[in-house]
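# Next one to model:
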Amino acid sequence: MKVGMVANHYPHAAYREEFIARVHRVAEEFLRTPGCLSADCWVSDEAVVSIVQWESDDAFAASFAAVKAAGLDLDFDERESRPREIRRLMAA
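Down below sits the predicted model:
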């Protein structure tokens, strides 16, 4: 069953461009992982939005393991103005 994730990130204005680049790097690593169907970065006036889709829970787990193994930064920190809003989705 396909699974997805939508994550809204709220970087401080001073870190917005850096954060967008960070999301793109993570998306590129997700896409290298078998079973990742799409990984995109979108922006609105208030948020940077990650939208990712995988073919299965196993592919989801493998993508996150690959990102961590690559040493990419997924941690919430002071560069963000408020907590992330993350929704995990399953295809209906």
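# Just grab the bridge partners of I51 for me.
V6, D40 (DSSP bridges).
# Distance check, it against A69.
23 Å (C-beta to C-beta, to the nearest Å). For glycine as for every other residue, the C-beta is placed from the backbone atoms N, C-alpha and C.
# where do the strands sit along this structure?
For the chain, the strands defined by DSSP state E cover 3-9, 36-43, 48-54, 85-90.
# circling back: comparing I51 and A69, which shows the higher neighbour count?
Using other C-beta atoms under 10 Å as the criterion, I51 and A69 rank with I51 on top: 15 against 9.
# contacting residues for the more buried one?
By C-beta atoms under 8 Å, 6 or more residues apart in numbering, the contact set of I51 is G4, M5, V6, S38, A39, D40, W42.
# who are the neighbours in contact with the third one?
This means V6. Per C-beta under 8 Å, 6+ apart, neighbours of V6: V49, S50, I51, I86, R87, L89.
# could those residues go into TSV alongside distance to E17 and pLDDT?
Shown next, in TSV, are the contacts of V6 (distance: C-beta to C-beta, whole Å; pLDDT from 0 to 100):
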residue	distance to E17	pLDDT
V49	15	98
S50	16	97
I51	19	98
I86	22	96
R87	25	97
L89	28	97
